[in-house]
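Visitor: mind looking at a prediction? Sequence and model below.
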Amino acid sequence: MKYTNYFNILSSIFSGKFTPKVELMKSIIKDIKPFRSISIMVNSVCNLNCWHCDIPEKYKPGGRMLSVNQWIEVIRKLDERLNPALVAVSAREPLMPGATRKKTVKIIQISKELGKIAGIVTNGTYLKNALSEFVSSDIVLDYLDVSLEGPKAIDRKIRGRGHFDKVMAAINDDRLMKITDKFFISFTLNAHNCPIHVMREFIEWMLDTFDEARLAVLVLYPNVNVPEELWLTDEQFLRALELLLSVSHKFADIFIDVFPGSIPGLRDIIETGYLPGDDELIRDKTGMLWGYIDENLYVRYENLRDLTRYQIRVTPEGKLIMPRDLEKEDYRCHAKFAVMSDRLEEMLNKVLKEVDALDRQVNPLCAGQRCLPTCMGDNFRCSFLRRKQ
Ligand code: SF4
């Protein structure tokens, strides 16, 4: 693994071009304020029931969802108070027809008017139908992530019959690349779609299909909502990584997203240099922690502490919620503070106190490990800790 171009390449994330201003970047990193990005769950339902989904199959009903105009007020208030860099509409399905889609389009529109990076993560089922609304609103997203879990037969098993064809209908529509600056296929790497012949077929399909192929590889986040048969082993991850390394120069971008518990051997994999850790990492203006792996191949680490400190999550009812609470069926019981209430400051201060508490809870055995900034002791499958305890 070579890291010689590391700082040059990562600087492109800030500036859009290669600039070797390492000292300047380091000073920017120190000054990153909390709450740099806003993640919005615009509704609480999804039309699919995917095998690997880490959100409950159904949330408990209840609660009055925000209207389009109320979402405008919420975005404006968060912008005035926090001036975040990024607004993302993700979680559940943001392009479902009717009120949900109208809200998504307006949230993106207002966010772009306020100068934010703005993007959507969608399962793609309704994307073709949504194109006209984006085109007529003159919206150009900064990124659009659309889920596919492999070749058609594998995607059908994980996401259901018909999903692949619906995504293909959008991909084949000339309007698609007019509504987004960057288009990513989002692929959740799990024990079912990680065999090398499956990944190789999918990668060949991507390279044949797209002039500029961009892939986001989400390494399965194995929480209580995800069947254990899908959880990845270290060997499965490393074989997939090896394949991605061999093809990354043919892609415009490949991002590998690693979550708490994604890989039991994260510590050892970082120690041996297969993934970057510690001083090889950089934090961008959205609060995201990055590492460079190889040409056009990067890793993004998401741990509970960083998600809590750098990201605000807003429920369909316009309330702030902690990252783990969206994984619960009764998430509404955990979301108590409305963004539009007078108690926003109080809630933000409470969140920062919880981040401090999380720092104090880190297992002392994690101290000094090169994986610490990537995981902050959050890897409940950590094989290193199991060996030591
Ligand atoms: S739990 Fe600790 S040792 Fe294990 S990967 Fe996380 S920071 Fe590293």
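Guide: On my side now, so go ahead. Owing to the predicted nature of the structure, the values given are computational and were not obtained by experimental measurement. Numbering: from 1, shown residues only.
Visitor: adjacent strands (with direction) for the longest strand belonging to the chain?
Guide: Of all segments of type strand in the chain, defined using DSSP state E, the longest is strand 180-189. Within its sheet, strand 180-189 is paired with strand 141-147 (parallel), strand 214-219 (parallel), according to DSSP bridges.
Visitor: mean confidence for that strand?
Guide: Mean pLDDT, strand 180-189: 97.
Visitor: could we number from 3 for the rest of this?
Guide: New numbering, starting at 3: the last item is strand 182-191.
Visitor: buried stuff in that strand?
Guide: Within strand 182-191, the residues that count as buried by 16 or more other Cβ atoms under 10 Å are 182, 185-191. All C-beta spots, glycine's among them, are computed from the backbone N, C-alpha and C.
Visitor: what residues does that strand touch?
Guide: 54, 123, 142-152, 160, 178-179, 195, 204, 208, 212, 215-222, 234, 239, 242, 255, 257 (Cβ atoms under 8 Å, 6 or more residues apart in numbering).
Visitor: got the phi and psi for Q111?
Guide: phi -60, psi -50 (degrees, to the nearest 10).
Visitor: touching, it and S138? I think so.
Guide: No. Judged on Cβ atoms under 8 Å, Q111 makes no contact with S138 at a distance of 11.0 Å.
Visitor: near the ligand, from the contacts of strand 182-191?
Guide: With the criterion set as Cβ under 6 Å from any ligand atom, no member of those is near the ligand.
Visitor: can you flag the buried ones in those?
Guide: 54, 123, 142-152, 160, 178-179, 195, 204, 208, 212, 215-222, 234, 239, 242, 255, 257.
Visitor: that older thread, next structured bit after the longest strand of the chain?
Guide: helix 198-211 (DSSP states H and E).
Visitor: quick one: mean pLDDT for that following helix?
Guide: Per-region confidence: helix 198-211 scores 98 on mean pLDDT.
Visitor: turn the strands paired with strand 182-191 into JSON lines, columns for mean pLDDT.
Guide: Compiled in JSON lines, the strands paired with strand 182-191 are given as follows (pLDDT from 0 to 100):
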{"stretch": "strand 143-149", "mean pLDDT": "97"}
{"stretch": "strand 216-221", "mean pLDDT": "98"}
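Visitor: Serialize the ones you listed to JSON lines and add fields for distance to S264.
Guide: Below are these laid out as JSON lines (distance: least, Cβ to Cβ, whole Å):
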{"stretch": "strand 143-149", "distance to S264": "17"}
{"stretch": "strand 216-221", "distance to S264": "4"}
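Visitor: so which of these is nearest L346?
Guide: Taking Cβ to Cβ, strand 143-149 is the member of the strands paired with strand 182-191 nearest to L346, at 25.9 Å.
Visitor: quick one: distance of that closest one to the chain centre.
Guide: Between the centre of strand 143-149 and the centre of its chain there are 11 Å (Cα atoms, centre = their mean, to the nearest Å).
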